[in-house]
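In: Task: produce atomic coordinates for the following.
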Amino acid sequence: MDWTPVIDWLVSHGVRIFIILLISAALYFALKRLVPPALKLSTKKRGRGKKAEEEAEKRIKTLSRFFVGTGAVLIIVAGAFMILSEIGINITPVVAGFGIAGIAIGFGAQSLVKDLIAGIFIIVENHYSVGDWVQIAGIGGGVEEINLRRTVLRDFDGTVHVIPNGEIRVASNFTKEWSRVNLNISVAYGEDLDRVIEVLNRIGREMAEEEYWGSLLLSPPQVLRIDNLGDSGIEIRILGTTKAMRQWEVTGELRKRIKKTFDEEGIEIPWPHTKVYFGTPPPPRVSTEAPAEVVPREAPPTPEEEGE
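Out: As a prediction, the model looks like this:
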C-alpha cells in the first residue's frame with residue numbers, strides 16, 4: 001500500500017491542524033490566566049477587612065466562570081470550523097445552519113440573555129452584595145444569593161423571593177458601606193425649642209460615648225433642623241450615621257431614650273387633638289313689639305232688644 005498520499009496530506013494539512021489546536025489551547029489557557037487578574041483590577045472592593053475580601057473574591061469567581069466559559073465556547077467553535085475547512089469539508093452549509101439555529105434560539109432565549117447581561121453589570125458594578133438589605137422589583141429583603149441569572153431575597157416574614165436580574169430596573173441598597181438614622185420627633189407648640197434641641201443633642205452624645213452604641217455609630221445623632229410646623233406639634237429632624245445594617249437598631253434605642261428623657265424633663269410629645277362641636281340651642285327670642293290691644297267682643301243682642 002502506497003502511504004505517500006497520506007503522508008503528503010499529513011505534512012500539508014496535519015501540521016496546520018496541529019497549529020490550530022495549539023493556538024486554541026494557548027488562547028484558552030491565556031484566557032483562564034488573564035481574566036481573573038483583569039477582573040480583580042476592574043472590580044471595586046467594598047470596604048475593608050476579611051468580609052469585604054470574601055465578597056470581592058466571590059464576585060470575581062462568578063464573573064471569571066462566565067467569561068472563561070463563554071470564551072472557551074467561542075474558541076472551540078472557531079477551531080472546529082478551521083479544522084473542518086482544512087479537512088476539506090464545506091462549512092458554508094454548516095455555518096448557515098448554525099446561523100438559523102442561533103436566530104431561533106436567540107428569539108427564544110431573549111429573557112435569559114437579558115438576565116445574564118444584567119447580572120454581569122450588577123456584580124461588576126457592585127450594586128449590592130450578599131447580606132445587604134435592598135429593595136428591587138418592588139420587593140424589600142436581605143440578599144441571600146446573587147448569580148448571573150437571578151437574585152434571591154428574604155423579607156422580614158421569612159419569605160424567599162427569586163427575582164430574575166433582567167426584571168431589575170432600580171435597585172435601592174439600604175446598607176451599602178454605611179447607613180443613616182433619619183428620625184422626626186414632634187414636640188408641643190408650647191415647648192422651648194432651644195431647650196428641646198439641647199436635650200436631643202445630649203441624648204445623641206451620650207449614646208456615642210457608650211461602648212456598645214458608640215461602636216455602631218459613625219457620627220452621633222444630632223438635630224438637623226425644624227422640619228415642619230404640623231397640625232399637632234413641631235417636627236424636629238434628627239440625623240446620624242451608623243455602620244451598615246445597624247440603623248434600625250440604633251433608631252429604636254434612640255426613640256426609647258427620647259421618650260424616657262422627655263418624660264423626665266417634662267417635654268410634651270403631642271398627639272392629634274380633635275374638637276367635636278355638637279352645636280348649642282339658640283337663645284330665646286325676645287319680642288321688641290308692643291302687645292296688641294285687646295278689643296272686647298260685644299255680646300249678641302237679646303230677642304227683646306231685637307223686638308224693640
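In: phi, psi of E144?
Out: phi -100, psi -30 (degrees, to the nearest 10).
In: and the closest residue in space to it that isn't next to it in sequence, how far is that from I269?
Out: Among residues not flanking E144 along the chain, V152 sits closest, at 4.7 Å (C-beta to C-beta, 6 or more residues apart in numbering). Every C-beta, even on glycine, is put in place using the N, C-alpha and C of the backbone. According to C-beta to C-beta, to the nearest Å, V152 stands 41 Å off from I269.
In: give me the beta-bridge partners of the residue nearest to E144?
Out: V152 has these beta-bridge partners by DSSP bridges: E145, V162.
In: isn't it right next to P164, touching?
Out: No. Assessed by C-beta atoms under 8 Å, V152 is found out of contact with P164, at 10.9 Å.
In: quick one on the thing from earlier: what residues are up against the residue nearest to E144?
Out: V143, E144, E145, I146, V160, H161, V162, I163 (C-beta atoms under 8 Å, 6 or more residues apart in numbering).
In: For it, give its distance to R16.
Out: 49 Å.
In: and what of S172?
Out: Taken as C-beta to C-beta, the span from S172 to R16 is 56 Å.
In: Drop anything exposed from the contacts of V152.
Out: By neighbour count, with 16 or more other C-beta atoms under 10 Å, those hold V143, I146, H161, I163 as buried.
In: for whichever helix in the chain runs longest, packing partners?
Out: In the chain, taking DSSP state H as the definition, the longest helix is helix 50-87. If contacts are counted by 3 or more C-beta pairs under 8 Å, 6 or more residues apart in numbering; DSSP states H and E, helix 50-87 sits against helix 15-42, helix 92-108, helix 110-124.
In: For D227, find the nearest of those.
Out: helix 110-124 (35.1 Å; C-beta to C-beta).
In: now the closest one and helix 50-87, what's the angle there?
Out: 130 degrees (axes from the mean of the first three to the mean of the last three C-alpha atoms, to 10 degrees).
In: contacting residues around helix 110-124?
Out: Contacts of helix 110-124 (C-beta under 8 Å, 6+ apart): 39, 42-43, 59, 62-63, 66, 106, 127-128, 146-151, 164-166, 168, 171.
In: could you redo the last one with a cut-off of 6 Å?
Out: By C-beta atoms under 6 Å, 6 or more residues apart in numbering, the list of residues contacting helix 110-124 from outside reads R59, T62, L63, L148, R149, P164, N165, G166.
In: hang on, the third one packs against L39?
Out: Same thing as L63. Yes. With contact defined as C-beta atoms under 6 Å, L63 counts as touching L39 (5.3 Å).
In: show me what contacts E191?
Out: Counted by C-beta under 6 Å, 6+ apart, E191 has contacts I267.
In: So for it, what pLDDT did the model give?
Out: E191 is assigned 92 on the pLDDT scale.
In: What of A104?
Out: Listed pLDDT for A104 reads 58.
In: With R48 instead?
Out: Taking R48 on its own, its pLDDT is 60.
In: got it, and S12?
Out: For S12, pLDDT reads 67.
In: which element is E249 on?
Out: For E249, the element it lies in under DSSP states H and E is helix 247-265.
In: repeat for I203
Out: Assigned by DSSP H and E, I203 belongs to helix 193-209.
In: Cheers, nothing more for now.
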